[in-house]
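Asks: Below are the sequence and a predicted model; questions follow.
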Amino acid sequence: MLQSYLKSLSIIVLIFLFVFQVSATENRASDIAGLMDKLNKTESQYKVFVFRQISELGEAAQPAGVQIEEMVKKDDEISSAAAETLGWIGYRTGIQTLIEAMKSRNWELVYNAIWSLGRLRATEARESLEHIRDTHWSHLINTEAQKSLDLLDKPLPDFKHVDSDSSVAKFILLQQTMSWEPTCQNEVEWQGERLKLEMNSVLPLSNKPKQLSKFIPKETGKEYRAVMKVRDGWLVGVRHGEFCGSVAKGYLDCGLYYFRKNGKHTLIADGNVDGIYQTNNGLVFTEGVDHMMYFPGHVFKLIQPKPFTWKTELLAVTQASPQKVAMTSDGTLIIQTQGSVVAVTNSCDLKAAKCMDN
């Protein structure tokens with residue numbers, strides 16, 4: 001009688017577990033679909049938080065891997081978070097895409113692709129990881145590549161459960177590591193030429209031409225900006241720190257502006273402009289802001305396809321906001337950020353310059 005009862009109870013328990021498993025699977029599928037829909041509807045700057053939620057589902061989120069992999073391929077502002085997510089959810093099908101992502105100019109995308117390749121134990125990426133460890137301009141990238149190489153022959157991690165704090169901890173660790181990186185302050189050497197690092201060419205508007213000053217909102221003169229005279233007017237770079245687009249009336253919002261001699265002006269690009277320079281890559285400007293943490297900076301080329309019209313082209317992504325610069329005799333721009341000092345070569349690649357600080 002007892003055996004019959006236990007057998008019946010076992011069957012009931014098995015049925016319950018099966019139903020629970022099906023229900024949980026359906027819930028996870030619903031969660032994934034909902035999060036992917038949310039990801040597609042969320043503004044770019046907030047997508048990282050949705051990626052974090054997807055990552056916490058672990059391997060249950062692998063059905064979304066195809067879509068997330070496509071986001072890595074776009075090589076835009078969300079590709080870095082997408083590359084990291086592939087690692088958290090254990091999406092090994094995306095390994096080749098992650099290997100290709102290591103060729104990006106976006107150092108954050110490269111960093112997260114390297115991290116994911118290590119977590120996925122991507123042995124097929126060994127040669128690429130060795131190459132980037134030995135050649136990349138960023139010490140952070142070199143170090144992370146070695147960490148991933150050390151993981152390749154270890155057993156795969158458990159992708160079923162991802163601690164909700166893990167991705168946050170990874171981000172905090174990267175920020176801490178960047179803050180610990182030594183930063184060159186005084187002199188650099190590039191191809192045998194020794195150069196002094198100077199602050200970005202931003203000066204109060206009061207030091208600029210009177211003809212231009214009368215066109216600028218009065219209050220804006222209290223801010224700092226970069227100004228360069230061009231043939232048919234001026235290029236004016238404005239920065240307002242973190243709250244770029246919420247300045248009071250009477251100010252120019254941050255960004256790069258083109259002012260014609262008659263006072264008419266147009267916004268060329270958004271962002272906190274650090275400096276405008278004539279280089280061997282043509283006319284370029286640097287942009288970025290570090291506030292409480294480090295964010296990638298950018299180097300853009302300025303192109304004038306016709307009179308009174310300006311366009312921009314992204315040349316490079318720096319490790320953090322540009323702080324100091326130097327210019328070589330051949331027009332190579334040297335940029336110092338927290339933890340790095342690099343040259344923007346005429347092939348538009350970043351190369352590490354040698355710090356000469358004692």
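Replies: Right, received. Where do you want to start?

Asks: Let me see the ranges of the helices in the stretch 51-200 of the chain.
Replies: All helices of the stretch 51-200 of the chain, identified by DSSP state H, counting those that start in this stretch, fall at 65-73, 79-88, 95-101, 107-119, 126-135, 139-151, 166-180.

Asks: Include mean pLDDT when you put these into TSV, please.
Replies: As requested, the helices of the stretch 51-200 of the chain are exported to TSV (pLDDT from 0 to 100):
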stretch	mean pLDDT
helix 65-73	95
helix 79-88	94
helix 95-101	98
helix 107-119	96
helix 126-135	97
helix 139-151	96
helix 166-180	81
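
Asks: ok, the residue nearest to Leu86 when sequence neighbours are not counted - how many residues close by?
Replies: Among residues not flanking Leu86 along the chain, Gly94 sits closest, at 4.6 Å (Cβ to Cβ, 6 or more residues apart in numbering). Every C-beta, even on glycine, is put in place using the N, C-alpha and C of the backbone. Using other Cβ atoms under 10 Å, Gly94 has 28 neighbouring residues.

Asks: Quick check: Gly94 vs Ile334, distance?
Replies: Gly94 sits 36 Å away from Ile334, going by Cβ to Cβ, to the nearest Å.

Asks: Check which helix or strand the nearest residue to Glu287 once chain neighbours are set aside maps to.
Replies: In space, and not counting its chain neighbours, Glu287 is closest to Gly271: 4.0 Å by Cβ to Cβ, 6+ apart. Applying DSSP states H and E as the criterion places Gly271 outside every helix and strand.

Asks: which residues does Gly271 contact?
Replies: By Cβ atoms under 8 Å, 6 or more residues apart in numbering, the residues touching Gly271 are Cys244, Cys254, Gly255, Leu256, Glu287, Gly288, His298.

Asks: What separation is there between the closest residue to Pro155 other than its chain neighbours and Leu151?
Replies: Computed as Cβ to Cβ, 6+ apart, the closest residue to Pro155 that is not its neighbour in sequence is Arg121, at 7.8 Å. Distance of Arg121 to Leu151, computed by Cβ to Cβ: 6 Å.

Asks: What of Thr318?
Replies: The gap separating Thr318 from Leu151 is 28 Å, by Cβ to Cβ.

Asks: now do Glu144
Replies: From Glu144 over to Leu151 the distance is 11 Å, taken as Cβ to Cβ.

Asks: out of those two, which sits in the busier spot?
Replies: When Glu144 and Leu151 are compared on other Cβ under 10 Å, the one with more neighbours turns out to be Glu144, at 25 against 17.

Asks: can I assume that one is in contact with Ile114?
Replies: Yes: the pair Glu144 and Ile114 passes the contact test of Cβ atoms under 8 Å, sitting 4.9 Å apart.

Asks: Pull the number of nearby residues for Leu302.
Replies: With neighbours defined by other Cβ under 10 Å, the count for Leu302 comes to 22.

Asks: My error: substitute Pro155 in the last question.
Replies: Residues contacting Pro155 under the criterion other Cβ under 10 Å number 7.

Asks: which stretches of the stretch 201-350 of the chain form helices?
Replies: For the stretch 201-350 of the chain, the helices defined by DSSP H, counting those that start in this stretch cover 210-213.

Asks: got the end-to-end distance for stretch 175-193?
Replies: Terminal residues of stretch 175-193 are spaced 32 Å apart (Cα to Cα, to the nearest Å).

Asks: what's the answer for stretch 176-188, then?
Replies: 25 Å.

Asks: buried set for that stretch?
Replies: Across stretch 176-188, burial judged by 16 or more other Cβ atoms under 10 Å covers Met178, Glu181, Thr183, Cys184, Glu187, Val188.

Asks: Between which two of those is the distance greatest?
Replies: Spanning the widest gap among the buried residues of stretch 176-188 are Met178 and Glu187, at 22.1 Å by Cβ to Cβ.

Asks: Tell me how the protein divides into domains.
Replies: When the chain is parsed with automatic domain parsing, its domains come out as 2-180, 187-355.

Asks: May I ask which helix or strand of the chain has the lowest mean pLDDT?
Replies: Every helix and strand in the chain was compared by mean pLDDT, DSSP states H and E; the lowest is strand 203-204, with a mean of 50.

Asks: picking that back up, and the buried residues of stretch 176-188, which of them are in strands?
Replies: If you go by DSSP state E, the buried residues of stretch 176-188 have Glu187, Val188 in strands.

Asks: Now tabulate the buried residues of stretch 176-188 in TSV and tack on distance to Thr279.
Replies: Below are these laid out as TSV (distance: Cβ to Cβ, whole Å):
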residue	distance to Thr279
Met178	26
Glu181	25
Thr183	22
Cys184	20
Glu187	20
Val188	16
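
Asks: Just give me the closest of the buried residues of stretch 176-188 to Met71.
Replies: Nearest to Met71 among these, with distances taken as Cβ to Cβ, is Met178, at 24.3 Å.

Asks: Many thanks, we can stop here.
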